[in-house]
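K.L.:
Structure for this input, please:
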Amino acid sequence: MDLNEEDTQMIIGALDSLGVTLADHGHKWTDGEREIYERSLSVLRGERPCEGCGKPSTTSDSEGIPLCDDCAKACDEDESDPSLS
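P.N.:
Have a look, this model is predicted:
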């Protein structure tokens, strides 16, 4: 299903409104709820999720694989550790 920009923005606005309403009523977001929210926004925006953990990607590795900052840092540390080769 393809969404146009107007539909995408409407859905993002609805998600934001629901989140604010829940918070206004004292709801505390769990880590899982926060992750679902963030991943939903990434999908709607056409962003590719991190291949390491599924969070929104912020960069990519030398092969173009999308990664978040945490996974990119972990990959850099692995590459610089000769005991892992």
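
K.L.:
Just the element for Gly54, please.
P.N.:
Remark: Gly54 resides in no helix or strand, with elements defined by DSSP states H and E.

K.L.:
so what's the residue nearest to Leu41 when sequence neighbours are not counted up against?
P.N.:
Computed as CB to CB, 6 or more residues apart in numbering, the closest residue to Leu41 that is not its neighbour in sequence is Ile12, at 6.3 Å. C-beta here means a position set from N, CA and C on the backbone, and glycine is covered the same way. Contacts for Ile12 (CB atoms under 8 Å, 6 or more residues apart in numbering) come out as 41, 44-45.

K.L.:
pLDDT score assigned to Ser80?
P.N.:
For Ser80, the model assigns a pLDDT of 65.

K.L.:
Could you measure from Leu22 over to Ser42?
P.N.:
From Leu22 across to Ser42, the span is 20 Å (CB to CB, to the nearest Å).

K.L.:
between the two, who's got more neighbours?
P.N.:
Neighbours were counted for Leu22 and for Ser42 using other CB atoms under 10 Å; Ser42 has more, 17 against 13.

K.L.:
Distance check, the closest residue to that one other than its chain neighbours against Gly26.
P.N.:
Of all residues not flanking Ser42 in the chain, Pro56 sits nearest, at 4.4 Å (CB to CB, 6+ apart). When CB to CB is applied, the distance between Pro56 and Gly26 equals 27 Å.

K.L.:
cool, and Leu67?
P.N.:
Following CB to CB, the distance that separates Leu67 from Gly26 is 35 Å.

K.L.:
what's the answer for Cys50, then?
P.N.:
Using CB to CB, we find Cys50 at a distance of 31 Å from Gly26.

K.L.:
next one: Arg34
P.N.:
Using CB to CB, Arg34 is found at 16 Å from Gly26.

K.L.:
list the contacts for the residue most central in space within the chain?
P.N.:
Nearest to the mean C-alpha position of the chain, by CA atoms, centre = their mean, lies Pro56 at 2.4 Å. Shown in contact with Pro56 (CB under 8 Å, 6+ apart): 38-39, 41-42, 47, 49-50, 68.

K.L.:
All good on my end, thank you.
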